[in-house]
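Visitor: using only what follows, build the 3D model:
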Amino acid sequence: MATDNAATDNGKNNSCRSNSMGLKYQKFRNAQPARTIRKESDEGNIEYKFKINDWISKERKDILTSQMMFRLHQGDGIAVYNIGYHDDGTPLGLGYHRLFKTLEMLFEMIEEMVIEVKSVKIMKGTKGYCANILICKKVNTDLLPPGVEDFHDDW
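Guide: Numbering: from 1, shown residues only. Okay, the predicted model is just below:
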């Protein structure tokens, strides 16, 4: 089985630079096939979620938020979320509407935190669509000396 190292290299090689569009979307009809990735680890900054229900309780939302913060901490402020994958790395996928409901719930949690979405890649799984989402902690530029906030654009 082929493995997708770009989505599993613990994200530390991925850039957390903004792009002019904020998010990179790929059209569903042109989505490339998702590849099997390595099994999910309890450690590191990569999280697998097959789906997130659109009616989660406050307790469940708190658990998911805490888990997101753990993954960001493990990746020094960068995390990758693989949606539509089983914990063994199989890209089963979700139906179009279920994938977007899951992304809505994920983005709702992200909006409540000091985190930003850097990219979203949609791919075809074996039974639906998968998504890889790159997130990172926002830097509070108000705390930086003048001129320093422009420095990170060169990274």
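Visitor: state the mean pLDDT of stretch 103-116.
Guide: Stretch 103-116 shows a mean pLDDT of 89.
Visitor: kindly report the same for stretch 120-131.
Guide: Stretch 120-131 comes out at a mean pLDDT of 94.
Visitor: first-to-last residue distance for it?
Guide: Distance between the two ends of stretch 120-131: 7 Å, counting by Cα to Cα, to the nearest Å.
Visitor: what segments of the chain are helices?
Guide: Remark: helices assigned in the chain by DSSP state H are 58-74, 96-111.
Visitor: I'd like these as TSV, with distance to residue 138 and mean neighbour count appended.
Guide: The C-beta positions use only the backbone N, C-alpha and C, and glycine is treated the same way. Output for those, formatted as TSV (distance: least, Cβ to Cβ, whole Å; neighbours: other Cβ atoms under 10 Å):
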stretch	distance to residue 138	mean neighbour count
helix 58-74	11	14
helix 96-111	10	16
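Visitor: want to throw those into CSV with distance to residue 32?
Guide: Formatted as CSV, those follow (distance: least, Cβ to Cβ, whole Å):
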stretch, distance to residue 32
helix 58-74, 25
helix 96-111, 15
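Visitor: so which residue is dead centre in this structure?
Guide: By Cα atoms, centre = their mean, the chain has its centre lying nearest to residue 133, at 2.6 Å.
Visitor: and the gap between it and residue 85?
Guide: If you measure residue 133 against residue 85 using Cβ to Cβ, to the nearest Å, the figure is 12 Å.
Visitor: and if you look at residue 43?
Guide: Residue 43 is 17 Å from residue 85, where distance means Cβ to Cβ.
Visitor: neighbour count winner among those two?
Guide: residue 85 (25 against 9; other Cβ atoms under 10 Å).
Visitor: skip the chain neighbours and tell me the closest residue to that one.
Guide: In space, and not counting its chain neighbours, residue 85 is closest to residue 48: 4.8 Å by Cβ to Cβ, 6 or more residues apart in numbering.
Visitor: wouldn't that neighbour be in contact with residue 80 here?
Guide: No: contact criterion Cβ atoms under 8 Å: residue 48 and residue 80 do not qualify, at 9.5 Å.
Visitor: okay, those two: which has more neighbours?
Guide: Shown here are residue 48 and residue 80; by other Cβ under 10 Å, residue 80 has more neighbours (25 against 19).
Visitor: ok, what's across the strand from that one?
Guide: residue 46, residue 134 (DSSP bridges).
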